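Pasting the sequence and the predicted coordinates here, then a few questions.
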Amino acid sequence: MKQLILPVLLVGMGVGCTGDYPSAVQVPSPTYTIAGRSGCYTVSGLIEQSGLFPVFAGTISGDIEGSVTTTSDPASLDASGKVSFSSGEQTWKVTGGSLTALIGGTVRLAIRSEVAFAQFPVGQLHTTARVIEGAASGNLSYHGTFDVTLPPPFHGRVEYHGVVCP
């Protein structure tokens, strides 16, 4: 019985091959796409910042380009154990990128961050962000690292992904 299964599988695999090959090189689409007919766009890229709690500053690149400032609310800091939580605001001064409607403007976001220090002094940083000004709406998530190696300033590097509606 086992000897019969192998030839049947090989014939079945051969029947599935049609011989159709792409006739041209496939060009990848842009990194952002329209989210249905909503006028909203999926965005992704990188945010890199340095500073001391509660203020960090740096750059945003990818589908949205410019400078970034994050201000955490010291009263929101919960740093018990190996995981810390904080909330605050982030400001993007947009100078370039795919979403031309945002270029030259400022976007403000409400953020909630969690840093898990399993391998101190480098922690895993996870943030959720919601647009509160400068665009119609938007929700994003950030994932990356937060390095608190001494001496300061401390450094954060995250990839962002989400939807922004200019």
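Nice, thanks for sending it over. Numbering: from 1, shown residues only.

Let me know the secondary structure of residue 81.
Secondary structure assignment for residue 81 (DSSP: H, G, I helix; E, B strand; the rest coil): coil.

going forward, begin numbering at 17 instead of 1
Noted, 17 is the first residue going forward, which turns the last one into residue 97.

That one: how many residues sit nearby?
Using other CB atoms under 10 Å, residue 97 has 8 other residues around it. In this view, the C-beta of every residue, glycine as well, is placed from N, C-alpha and C.

Also residue 79?
Using other CB under 10 Å as the criterion, residue 79 is surrounded by 22 other residues.

So it sits against residue 61, correct?
Yes - when contacts are counted by CB atoms under 8 Å, residue 79 is listed as touching residue 61 (5.4 Å).

helix/strand/coil for the nearest residue to residue 68 once chain neighbours are set aside?
Distances taken as CB to CB, 6 or more residues apart in numbering place residue 168 nearest to residue 68, at 5.2 Å, with adjacent residues excluded. The local conformation at residue 168, judged by three-state DSSP, is coil.

ditto for residue 107
Following three-state DSSP, we place residue 107 in the strand state.

For it, list each beta-bridge partner.
Partner residues in beta bridges with residue 107, using DSSP bridges, are residue 85, residue 124.

And for residue 154?
According to DSSP bridges, the partner residues bridging residue 154 are residue 180.

so what's it up against?
For residue 154, the contacting residues are 56, 123, 125, 145-147, 178-181, taking CB atoms under 8 Å, 6 or more residues apart in numbering as the criterion.

Now which of these would you call buried?
When the contacts of residue 154 are checked for burial by 16 or more other CB atoms under 10 Å, the buried set is 56, 123, 125, 145, 147, 178-181.

Next, the distance between the ends of stretch 91-98.
Its start and end residues considered, stretch 91-98 measures 19 Å (CA to CA, to the nearest Å).

quick one: average pLDDT of it?
The average of the pLDDT scores along stretch 91-98 is 91.

Residues contacting it, please?
Stretch 91-98 has contacts (CB under 8 Å, 6+ apart) with 69, 100-104, 132-134, 136.

Can you flag the buried ones in these?
Among the contacts of stretch 91-98, the ones that count as buried by 16+ other CB under 10 Å are 69, 100, 102-104, 133.

of those residues, closest to residue 172?
Relative to residue 172, the closest of the buried ones among the contacts of stretch 91-98 is residue 69; by CB to CB it sits at 10.9 Å.

Next one: the residue nearest to the closest one when sequence neighbours are not counted from residue 54, what distance?
Spatial nearest neighbour of residue 69, chain neighbours left out: residue 88 (6.2 Å); criterion: CB to CB, 6+ apart. According to CB to CB, to the nearest Å, residue 88 stands 31 Å off from residue 54.
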